[in-house]
Structures are given as structure tokens and as C-alpha cells.
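Participant: need coordinates for the below:
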Amino acid sequence: MGILDKLGLKKKQPEPQKSKREGEKVDLGGQKKAERQGAAPEVKPKGDTGQAYQILLRPVLSEKGTHLAGSGKYVFAVHPRANKPEIKKSIQLVYDVHVEKVQIVRMPGKLRRYGKTQGRTAAWKKAIVTVRAGEKIPGIVEAVG
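Facilitator: So this is what the prediction gives:
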């Protein structure tokens, strides 16, 4: 709250009008969002995903991972403190699939040299997730070549 708000000098913006029909939003211009030209279609939100995107860091796209994806197993880099039930719940919320099994592997950091100095890459945790037969996670390559 700024000083102009306290003095009443700052104009307040009018709130958008609510339409008579539910689920239909009308902005101040009187146009429906879907009627505006050039507007992208609205994406339906997935509800409350909670910490799902903090647990799942990224899918691991490797040759071995793509071969496993062909048999319904997907590989993800996950938060180092995540456990199997948290990973299972996150995959089900984000990708809308049924998870049957979760396997966790701790990947050690590798030694790397930078000139004379020697360093180590960060250790990380990976999860191999098996989904129900016939289900696929969209956006992950399932075949090489």
C-alpha cells in the first residue's frame, strides 16, 4: 500500500465483469476470451500439483532411457531427498498415468579436471518409473533411429 493509496489520489482499477453463464469470462472490453483474435486456446489447469515440479527435476534423455521407454519405463532426475511414494505421486499428478513401480538410483559425482585443478560434478538421484501397460508419458522419445 503506497502513500497515494492512503490519500485516495491513486485510481483503483475496475474489476472484470462476471457473466451470467458459469465458466465464461468477460473482460472489460466486453469480448469473451475465446472470441478475441489471435488468442491462444486456454489450457486447462491440472489442479493443485503441490510440490510435484520440485520433486521431478527433468526427464533423462539418454540412449538407455529411450530403449527403456519402449517397454514402459521412464527415467527422471529427481530431488536428492525425494522418496519412492513422493516420486510416484508426482508422476501421477503431472503426467496423468498410473505408476506401478519406482526404482531409485543414486548417481555419484564424477571427477573432472580443469587444467591443473581437479573437481567433482554434483551427485544426483535418478528414478526409473514403470507405468501401467498400454500407457505412455507424452513428450518423451520412445525409440532410437
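Participant: low-confidence ranges in this protein?
Facilitator: 1-48, 144-145 (pLDDT under 70).
Participant: what's the longest helix belonging to it packed up against?
Facilitator: When the chain is parsed with DSSP state H, its longest helix is helix 84-95. If you count contacts as 3 or more C-beta pairs under 8 Å, 6 or more residues apart in numbering; DSSP states H and E, helix 84-95 packs onto helix 52-55, strand 56-59, strand 73-78, strand 99-107, strand 124-131. Where C-beta positions appear, they are placed from N, C-alpha and C, glycine not excepted.
Participant: what's the angle between it and strand 99-107?
Facilitator: Per axes from the mean of the first three to the mean of the last three C-alpha atoms, to 10 degrees, the angle that helix 84-95 makes with strand 99-107 is 120 degrees.
Participant: tilt between helix 84-95 and strand 124-131?
Facilitator: Using the same axes, to 10 degrees: helix 84-95 against strand 124-131 is 70 degrees.
Participant: in helix 84-95, which residues are buried?
Facilitator: Within helix 84-95, the residues that count as buried by 16 or more other C-beta atoms under 10 Å are 86-91, 93, 95.
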